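A.B. asks: 3D model of this:
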Amino acid sequence: MKAWLAIVCSLCISIGHAQSFEGTIRWKISLDITNPQVLANIEQTKKEQQDSSSKIKAREIREKMADPEVARKLKADPELKKKMEAMLQVLEGAGVDDLLPKSIEVKLKNKNSLTTVSGGPYNNYQVLYKADKDLTYFIRHDEKTYSVIANATTVPTRKFGHKPEDKIKVLGYTCTKYFKAEMTDDLKSRMTIYWATDELKGIDIQTLAMRHMGKDKSFIYPEIPAFPMKIVQTLNEGDMTMEVIEINKGKLSPDVFEIPAGYVVR
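C.D. replies: The predicted model follows:
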């Protein structure tokens, strides 16, 4: 699950930088668990969720989180807060799908971008890139805070397979198949398939490739000279699919790409 969350977060940062495109792009994210052991664990979790002891434990955690002293600690430690909220989701009946974002919306204008995550532990978090400052901000609306994310200075080189004869249509755009296989940090195999198009004009792939979370966490590479409309990643646990389901070209207000008034830096 950590690998999937890292992928989604890297997408938030890397996808949102365009050259002349103005409008909104929305991705749908789905998860298909195929590993029998993971499926068995999910079923066991569902049974435990029906146990009254789980409800009691969830209530106890909520009471602790409401304590003023604990609330202050959680405010100072967002990662701990997310872990406790994820634990509550499991105890109160949330499934594995609820631990992953459902969609990502990206607004683009004059090389600026605003990415909004819907669903999962990063629900309603936003990533803002301001081209005039060449800075990327991570905005937490629940805390009314923001932080600066370092931009990449180098892009890792990767070798991709390409099967131009393999084609699909996504929203009417013709996409060809790119792919790469690699090992994760925990030595698990991972296959990623990119269905990318060169028909979506106004997006600078080279610029996109420079906006990622770290040397191994980009989803946009200059070696793929096209925009990824559909990405399918296969891990031992199952498959995660991210697919563009909406592209709206149109004028956006410059105010969209500003940090809300009253927010403070963390």
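A.B. asks: Quick check: which ranges of the stretch 1-150 of the chain have low pLDDT?
C.D. replies: Using pLDDT under 70 as the threshold, the predicted model of the stretch 1-150 of the chain has low-confidence ranges 1-19, 38-39, 42-54, 89-99, 121.
A.B. asks: can you give me the helices for it?
C.D. replies: Residue ranges of the helices in the stretch 1-150 of the chain, as given by DSSP state H, counting those that start in this stretch, are 2-14, 36-49, 52-66, 68-76, 78-91.
A.B. asks: tell me what the last one is packed against?
C.D. replies: In this case it means helix 78-91. For helix 78-91, the contact count by 3 or more Cβ pairs under 8 Å, 6 or more residues apart in numbering; DSSP states H and E identifies helix 36-49, helix 52-66, helix 68-76 as packing neighbours. Bear in mind the C-beta positions are built from the backbone N, C-alpha and C, glycine included.
A.B. asks: Buried residues, the last one. List them.
C.D. replies: For helix 68-76, burial by neighbour count (16 or more other Cβ atoms under 10 Å) applies to 70, 74.
A.B. asks: Just the C-alphas of that helix, formatted as PDB.
C.D. replies: Coordinates of the C-alpha atoms in helix 68-76 are reproduced here as PDB (Å, rounded to 0.1, in the frame of the first residue of the first chain):
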ATOM      1  CA  PRO A  68      -6.700  18.900  23.900                       C
ATOM      2  CA  GLU A  69      -3.100  17.700  24.700                       C
ATOM      3  CA  VAL A  70      -3.300  14.900  22.100                       C
ATOM      4  CA  ALA A  71      -4.900  17.200  19.600                       C
ATOM      5  CA  ARG A  72      -1.900  19.600  19.900                       C
ATOM      6  CA  LYS A  73       0.500  16.700  19.400                       C
ATOM      7  CA  LEU A  74      -1.400  15.500  16.300                       C
ATOM      8  CA  LYS A  75      -1.400  19.100  14.900                       C
ATOM      9  CA  ALA A  76       2.400  19.200  15.300                       C
END
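A.B. asks: gap between that helix and the chain center?
C.D. replies: Its chain's average C-alpha position is 27 Å from that of helix 68-76, according to Cα atoms, centre = their mean, to the nearest Å.
A.B. asks: Residues contacting that helix, please?
C.D. replies: The contact list for helix 68-76 (Cβ atoms under 8 Å, 6 or more residues apart in numbering) reads 64-65, 80-81, 84, 143.
A.B. asks: swap the cut-off to 7 Å and go again
C.D. replies: With contacts defined as Cβ atoms under 7 Å, 6 or more residues apart in numbering, helix 68-76 is touched by 64-65, 80-81, 143.
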